[in-house]
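Enquirer: Here's a sequence, model it:
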Amino acid sequence: MADAPSSTARAWRIAVRAGVATPGSRALPEEVPVALSFGGTTQAVMMATPADLTDFGVGFALSEAIVRSADDIVSLEIVEADQGFDVQMQLSEDVQTAFSARRRRMAGPVGCGLCGIESIEEALRALPDREAVVLEVGADDVREAVRSLSMHQKLRAETGAVHAAGFYVPGRGMECLREDVGRHNALDKLIGAMAREGLKAADGAIVITSRVSVDMVQKAVIAGAGLLIAVSAPTALAVRTAEAAGLTLVGIARGADFEIFTRADRITQGRTSDVA
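Expert: Numbering: from 1, shown residues only. The predicted structure is shown next:
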């Protein structure tokens with residue numbers, strides 16, 4: 001079936017502003033369980049906004065290194081389940097075999113809390129090297145990327161309660177954007193949409209509304225990005241991971257200000273002489 005037609009619902013509330021109470025309703029984002037299944041086996045169940053679920057499935061499969069490209073997904077079906085959805089994907093034979101073997105290796109009683117990951121080694125996985133990504137952006141591009149992300153957040157404008165991830169290309173603007181109640185989900189949806197639309201992450205910047213945890217860096221690097229911009233701060237591990245992978249990490253990008261944590265050479269304006 002198609003993706004759910006609405007990402008919002010209206011809820012009754014009493015608004016108290018300047019000491020005046022006014023009853024009425026407002027739009028809120030929907031949040032439902034979404035299962036991500038491969039070859040009939042559920043890999044993860046996420047609480048997500050029920051929109052762009054095809055992008056979600058493809059992006060999750062790519063960012064979690066379950067598939068090498070979107071072409072490895074032979075079919076994808078969105079099945080309505082009790083109170084939620086199941087994104088059922090069938091993989092090519094060799095990829096499904098490798099995925100099944102990986103699941104067998106991971107079988108055990110202990111989990112680290114990351115999607116489908118059951119060991120410390122998996123959580124701190126080796127990443128591709130993005131040192132060779134050729135990309136230069138100006139400080140004005142960083143500011144415009146964040147401004148454009150905010151401008152294009154339709155669901156946030158309606159509800160005030162979702163994250164977003166966008167793909168900004170200097171000279172072309174915000175090429176793609178996805179929103180979700182979960183920050184990881186928004187990024188996975190963006191990665192899936194970019195893969196389906198043939199957009200290359202190395203050509204621009206991935207821009208996110210949230211803090212930068214290590215898994216957000218991992219997803220951006222696996223997607224092929226050379227630049228990740230966030231409106232909030234990164235964790236120390238996220239910075240170390242970005243540095244090791246050759247990813248330029250920009251955080252706390254708000255208004256005219258931002259901070260460059262790694263690979264500052266890709267930002268061509270707004271540097272000081274003592275920035276490495």
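Enquirer: With just CA atoms, put stretch 175-184 into CSV.
Expert: The C-alpha coordinates for stretch 175-184 follow below in CSV (Å, rounded to 0.1, in the frame of the first residue of the first chain):
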residue,chain,number,x,y,z
GLU,A,175,17.8,19.8,-3.1
CYS,A,176,16.1,17.4,-0.8
LEU,A,177,14.6,17.4,2.7
ARG,A,178,12.8,14.9,5.0
GLU,A,179,11.2,15.3,8.4
ASP,A,180,10.4,13.0,11.2
VAL,A,181,9.8,12.9,15.0
GLY,A,182,13.1,11.0,15.3
ARG,A,183,16.4,12.6,14.3
HIS,A,184,17.8,9.3,13.0
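Enquirer: does Glu243 count as helix, strand or coil?
Expert: Here Glu243 is recorded as helix under DSSP: H, G, I helix; E, B strand; the rest coil.
Enquirer: quick one, helices of this protein?
Expert: With DSSP state H as the definition, the chain shows helices at residue ranges 53-63, 93-106, 120-123, 139-151, 154-159, 183-197, 214-223, 236-245.
Enquirer: Any idea which of those gets closest to Val74?
Expert: helix 93-106 (8.8 Å; Cβ to Cβ). Bear in mind the C-beta positions are built from the backbone N, C-alpha and C, glycine included.
Enquirer: Now do that closest one: which elements does it pack against?
Expert: Packing partners of helix 93-106 (3 or more Cβ pairs under 8 Å, 6 or more residues apart in numbering; DSSP states H and E): none among the helices and strands.
Enquirer: Lowest mean pLDDT across the helices of the chain, which one is that?
Expert: Looking over those, mean pLDDT reaches its minimum on helix 120-123, with a mean of 58.
Enquirer: confidence score at Ile78?
Expert: Value for Ile78, per-residue pLDDT: 95.
Enquirer: should've said Thr268
Expert: Listed pLDDT for Thr268 reads 89.
Enquirer: With the one 4 residues further on instead?
Expert: Looking at Thr272, its pLDDT reads 49.
Enquirer: repeat for Leu127
Expert: The model's pLDDT for Leu127 equals 88.
Enquirer: So for Phe38, which of the helices of the chain sits nearest?
Expert: Nearest of those to Phe38, taken as Cβ to Cβ: helix 93-106 at 6.0 Å.
Enquirer: Tell me the buried residues in stretch 219-237?
Expert: Of all the residues in stretch 219-237, those buried under the rule 16 or more other Cβ atoms under 10 Å are 219-231, 234.
Enquirer: Convert that stretch to CSV, retaining C-alpha atoms only.
Expert: Extracted C-alpha coordinates of stretch 219-237, given in CSV (Å, rounded to 0.1, in the frame of the first residue of the first chain):
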residue,chain,number,x,y,z
LYS,A,219,25.2,7.5,8.7
ALA,A,220,26.5,10.6,7.0
VAL,A,221,29.9,9.0,6.2
ILE,A,222,28.3,5.8,4.9
ALA,A,223,26.1,7.9,2.7
GLY,A,224,29.2,9.4,1.1
ALA,A,225,29.1,12.9,2.6
GLY,A,226,32.2,15.1,3.0
LEU,A,227,30.4,17.7,5.1
LEU,A,228,27.8,17.5,7.9
ILE,A,229,26.3,20.7,9.3
ALA,A,230,24.2,20.6,12.5
VAL,A,231,22.4,23.3,14.4
SER,A,232,23.4,21.7,17.7
ALA,A,233,26.7,20.4,19.2
PRO,A,234,28.4,17.1,18.6
THR,A,235,29.6,14.6,21.2
ALA,A,236,33.3,14.1,21.7
LEU,A,237,33.1,10.7,20.1
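Enquirer: In TSV, list the buried residues of stretch 219-237 along with distance to Glu197.
Expert: Shown next, in TSV, are these (distance: Cβ to Cβ, whole Å):
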residue	distance to Glu197
Lys219	17
Ala220	17
Val221	20
Ile222	18
Ala223	13
Gly224	14
Ala225	15
Gly226	19
Leu227	19
Leu228	19
Ile229	20
Ala230	23
Val231	24
Pro234	27
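Enquirer: Since that was my last question, I'll sign off now.
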